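Engineer: Show me how the following folds:
(chains A, B and C)
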Amino acid sequence: MPESTFSLSDIANIIGAQLRGEGNCQIKGIAPLYRAQQGEISFITNSQFRNYLSTSQASAVIMSAEEAKHCKINALIMDNPYLGFAKSAELFQPKLTIQHEIHNTVVIGEDCKINSKVSIGPYCVIGSQVEIDENTVVGAGCIIGDGVKIGKNCRLFPHATLYNNIKLGNRVWLHSGTVIGSDGFGLANDKGQWHKIPQLGSVIIGDDVEIGANTTVDRGALDDTIIENGVKLDNLIQVAHNVSIGEHTAIAACTGIAGSARIGKRCMIGGGASIVGHIEIVDDVILVGTATVEKSITVPGIYGSGTGLLPFRELKKVVVRIRQLDDIVRRLQQLERNEK
Amino acid sequence: MPESTFSLSDIANIIGAQLRGEGNCQIKGIAPLYRAQQGEISFITNSQFRNYLSTSQASAVIMSAEEAKHCKINALIMDNPYLGFAKSAELFQPKLTIQHEIHNTVVIGEDCKINSKVSIGPYCVIGSQVEIDENTVVGAGCIIGDGVKIGKNCRLFPHATLYNNIKLGNRVWLHSGTVIGSDGFGLANDKGQWHKIPQLGSVIIGDDVEIGANTTVDRGALDDTIIENGVKLDNLIQVAHNVSIGEHTAIAACTGIAGSARIGKRCMIGGGASIVGHIEIVDDVILVGTATVEKSITVPGIYGSGTGLLPFRELKKVVVRIRQLDDIVRRLQQLERNEK
Amino acid sequence: MPESTFSLSDIANIIGAQLRGEGNCQIKGIAPLYRAQQGEISFITNSQFRNYLSTSQASAVIMSAEEAKHCKINALIMDNPYLGFAKSAELFQPKLTIQHEIHNTVVIGEDCKINSKVSIGPYCVIGSQVEIDENTVVGAGCIIGDGVKIGKNCRLFPHATLYNNIKLGNRVWLHSGTVIGSDGFGLANDKGQWHKIPQLGSVIIGDDVEIGANTTVDRGALDDTIIENGVKLDNLIQVAHNVSIGEHTAIAACTGIAGSARIGKRCMIGGGASIVGHIEIVDDVILVGTATVEKSITVPGIYGSGTGLLPFRELKKVVVRIRQLDDIVRRLQQLERNEK
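Structural biologist: Numbering: from 1, shown residues only, chains lettered A, B, ... in the order given. Presented below is the predicted three-dimensional model:
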């Protein structure tokens, strides 16, 4: 593919950094510090890697002012070099050429409003009364149910599935295998057998949401499942019916969120977390990976769960001792009483 | 879509409730108590929400006899109001109009027995010797392997995948992204390398089973993987080879069940549970979410695992102390000996 | 399907076992010991099941020399009877008849090199500059991005999805719903909002790799995600960006591996494990199911995590006591001081 080249001063402008060094240095790629070559830009976000700076062949490095004190390489200096890396990487990513074409194999239902500036790949199946707005790209083999509304500049990767009546905002990305709007797990027990509860709600997804591969978001039972603006979900996450996730919350892979849980804004949830249903997590909570949330969290902060990792032989002893904890405390109390 | 309307006495008959109030009151929808409007029915299953009763605009509420003492609204009284909610919601769900049509893009193999009263969506691929019985609906893009047998009134949502020779009973629902019959994880170690064990068994699924989005059910190695009648599986669950799951057991999302585990009837398994292979769980066991089952459970009851959630700073101390538990007990014993 | 029949001496040769008994005994199937019939071969890998040997109707059994002392049945004797089972099962598995046919519905981009001896099922969509080598079988509905390279004798089951520029070695199996090359979860925080980091790396998969149903493998941010030769991944596993997994490592279902984790060779990782990002696990580590790895493992061995399973009533007490552990130790120390 054709290479893009930018001058260092252009990159400084684009990413909002202060340039120190040769502004007309030509940059044609981005690479990690340990292997960046001449003509490439790199970045450093952790002083732990400072020793790479002295040996790196990179033509320039994005870094903090503090870091810049320690090196003489061309520097793009900014408070948030990681953001600078993100913005620089955008310059060198393969361009997506949108062809504004609906492949002739696409099956489309009745009464749809498909903007003329969209791209829809082969073997997509689109229901009736579907709306898709401009510059949205639907990959091959996506299936979109009746009444779905998709905003502008969205991107559905191949094999995304949307059940009926889902709403997506603008700039929503759904990765492959994502399922949005499947039935919530609603069951009433009728003398030992399960009676399915129809799931009559929907899923409402805001703007700038990205949802990872094979993640599932169930539709609500009566009300809707809500994913607010700017939420980022990684792969293989379960979002159950009637969950709401607040703006700009990011959730790492393999996390499960049970029904009607309400998660605040700007939360960061580590991988493999489990959140029980019908609880509330306030804004600005950080959950360490594998945290298990069994009741509401009312105070922002960092939370976690678990015993950590142990050699298995020791773990087996610990598991025995944990069962004796109540007894241990009683014996301790007895000793304390005897002291008096 | 056209609205359905039912009189309150009709609803009482349908859901098996005792009517208290205006039987000819017309109901045209269902909503949660906090936002139900005139013309809508609602329900209360938890006395915690009793205060909503006094202000609700609902035209009628499904409730227990106990709850009915506390309100004057039109009431449908029954022992299990949650079941009443389930049955009422069915009245107001969008009707699925089955068109008994096999889309002209469907690829079908040889020697199939496809009932004339089925619906198969665009771009489905169906192998040879497949049988599909009446009133079954296969959504777009489903792939059904050779020799698969599917009963009556089943519903496969788009992008369900069935490997060869799977058997589904009647009224089985498979949600999108579900994979049934993939190879079990069978490996023999041959001097440090893995030798694949062919998976020659199948998956047998009973009647009235529902399987959630992106859930995977592996085929057996020699015997079959068995999912009995009335089992309900949520999303993103792994059912490994040769597992059997007893009648009317319900399993919440993100649970993993390892090979040859046998799970009893009427169990309720919370989300994110992990069940090791080659063990047995008796009937009527309840596992709280994230429970980890490492050996057989022989006594019905409620079980769980884990430390619960802690502020991360405290968790780090706990993780250290847990490693000292054996030492703590020894020191306690020493003190006790000194006492004597 | 037509039956395959083998003499016992043939099977002994094929699986590398020593024959004890009638070499011309005809074997036409394989079954577990408890239900094997005349004409079937079985195997025993655990002396716990020795009592089945005396009553089994199997015509022959694969077993260790030690086990053979205890029975008089026709025996195929070898050090690793489980491997013998694997190899015998191969003899009786349904033959895959590869038709070397590209279905006429397959959509193929420009400048592809598709070997003439491949099979590609209905409704596959293949991008531009794709290479697929001989004897590879691509199931129905697979989607393969631009620039993907697939080796010889690979097998993609229906609904596998490969993003652009992925490389697969030879004899790679991808099960249904697998997604390879989706974007890593790379986000830079910009004043409380998330800025996506383009994922410019790829995924490189070696030879003899098998990846289970609905497993996801993200592409790298700048470098590639690497899965080395002989790695076996079960279902519903998340492999994040820039992870590397060493040769012949096997990972059970529902495990999550966070970004840039490096996992050694010949590791065995149990189901539901969680591995944090940016750490290293040395070769030959065994993680018990649900192990949570929060820092590098530098010593080979067996590791695990968790409290095990408790009756829920006891668990609730334990969860309280765990929070008191620091206090417990302090009180113990006080008592010890008082002793002196």
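
Engineer: so residue A:108 makes contact with residue A:129?
Structural biologist: No - between residue A:108 and residue A:129 there is no contact under Cβ atoms under 8 Å: 11.0 Å. (Glycine included, C-beta is placed from N, CA and C.)

Engineer: Kindly export stretch A:124-142 (C-alpha atoms) in CSV.
Structural biologist: What follows is stretch A:124-142, C-alpha atoms only, in CSV (Å, rounded to 0.1, in the frame of the first residue of the first chain):
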residue,chain,number,x,y,z
CYS,A,124,-25.9,-9.1,4.5
VAL,A,125,-29.6,-9.5,5.4
ILE,A,126,-31.5,-6.4,6.4
GLY,A,127,-35.0,-6.5,7.7
SER,A,128,-37.9,-4.1,7.1
GLN,A,129,-38.2,-0.5,8.3
VAL,A,130,-34.4,-0.3,8.9
GLU,A,131,-32.6,3.0,8.8
ILE,A,132,-28.9,3.4,8.1
ASP,A,133,-27.4,6.8,7.9
GLU,A,134,-24.5,8.2,5.8
ASN,A,135,-20.9,6.9,5.8
THR,A,136,-21.8,3.8,7.7
VAL,A,137,-20.0,0.6,6.6
VAL,A,138,-21.6,-2.7,7.1
GLY,A,139,-19.2,-5.7,6.7
ALA,A,140,-20.0,-8.9,4.9
GLY,A,141,-22.5,-11.3,6.4
CYS,A,142,-24.1,-8.9,8.9
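
Engineer: Report the rounded mean pLDDT for that stretch.
Structural biologist: For stretch A:124-142, the mean pLDDT works out to 98.

Engineer: So is that stretch next to chain B?
Structural biologist: Yes - contact between stretch A:124-142 and chain B, assessed by Cβ under 8 Å from any Cβ of the partner chain, occurs at A:125, A:141.

Engineer: Please see if that stretch touches chain C.
Structural biologist: Yes - using Cβ under 8 Å from any Cβ, stretch A:124-142 reaches chain C at A:139, A:140, A:141.

Engineer: Residues of the stretch 201-340 of chain A that sit close to chain C?
Structural biologist: Contacts of the stretch 201-340 of chain A with chain C, taken as Cβ under 8 Å from any Cβ, map to A:208, A:210, A:212-214, A:230, A:232, A:234-236, A:248, A:250, A:252-254, A:266, A:271-272, A:289-290, A:306-313, A:315, A:319, A:322-323, A:325-326, A:328-329, A:332, A:335-336, A:339.

Engineer: so the nearest residue to residue A:339 once chain neighbours are set aside, which of the three states?
Structural biologist: Leaving aside its sequence neighbours, residue A:339 sits nearest to residue C:338 (Cβ to Cβ, 6 or more residues apart in numbering or on different chains; 6.2 Å). Assigned by DSSP: H, G, I helix; E, B strand; the rest coil, the conformation of residue C:338 is helix.

Engineer: I'd say residue C:338 and residue A:336 touch.
Structural biologist: No - contact criterion Cβ under 8 Å: residue C:338 and residue A:336 do not qualify, at 9.6 Å.

Engineer: Top of the residues of stretch A:124-142 next to chain C by number of neighbours, please.
Structural biologist: The most crowded member of those is residue A:141, carrying 30 neighbours; neighbours defined as other Cβ atoms under 10 Å in any protein chain shown.

Engineer: Would you mind confirming that residue A:214 makes contact with residue B:213?
Structural biologist: No - here residue A:214 lies out of contact with residue B:213, judged by Cβ under 8 Å, at a distance of 9.1 Å.

Engineer: Now for these two: what residues contact both?
Structural biologist: Common neighbours of residue A:214 and residue B:213 (criterion: Cβ atoms under 8 Å, 6 or more residues apart in numbering or on different chains): B:177, B:236.

Engineer: picking up where we left off before, which of the residues of the stretch 201-340 of chain A next to chain C fall within strands?
Structural biologist: In this view, those that belong to strands under DSSP state E are A:210, A:232, A:250, A:309, A:310, A:311.

Engineer: Next, count neighbours for the second one.
Structural biologist: If I follow you right, that is residue A:232. Residue A:232 sits with 23 neighbouring residues when counted by other Cβ under 10 Å.

Engineer: still on that earlier bit, in terms of neighbours, single out the busier of residue C:338 and residue A:336.
Structural biologist: Each of residue C:338 and residue A:336 has its neighbours counted (other Cβ under 10 Å); residue A:336 has more, 14 against 11.

Engineer: dump the residue contacts of the spatially closest residue to residue A:230 that is not a sequence neighbour.
Structural biologist: Spatially, and ignoring its direct neighbours in sequence, residue A:230 is nearest to residue A:248 (4.1 Å; Cβ to Cβ, 6+ apart). By Cβ under 8 Å, 6+ apart, the residues touching residue A:248 are A:229, A:230, A:231, A:265, A:266, C:192, C:193, C:194.

Engineer: Could you check how many residues crowd around the third one?
Structural biologist: Spelled out, that is residue A:231. Residues within reach of residue A:231, counting by other Cβ under 10 Å, total 27.

Engineer: try the one 10 residues further on
Structural biologist: By other Cβ under 10 Å, 26 other residues sit near residue A:241.

Engineer: Mind telling me what element it is part of?
Structural biologist: Element membership for residue A:241, per DSSP states H and E: none, as it lies in no helix or strand.

Engineer: right, and it touches residue A:257 too?
Structural biologist: No - Residue A:241 is beyond contact range of residue A:257, at 10.3 Å (criterion: Cβ under 8 Å).
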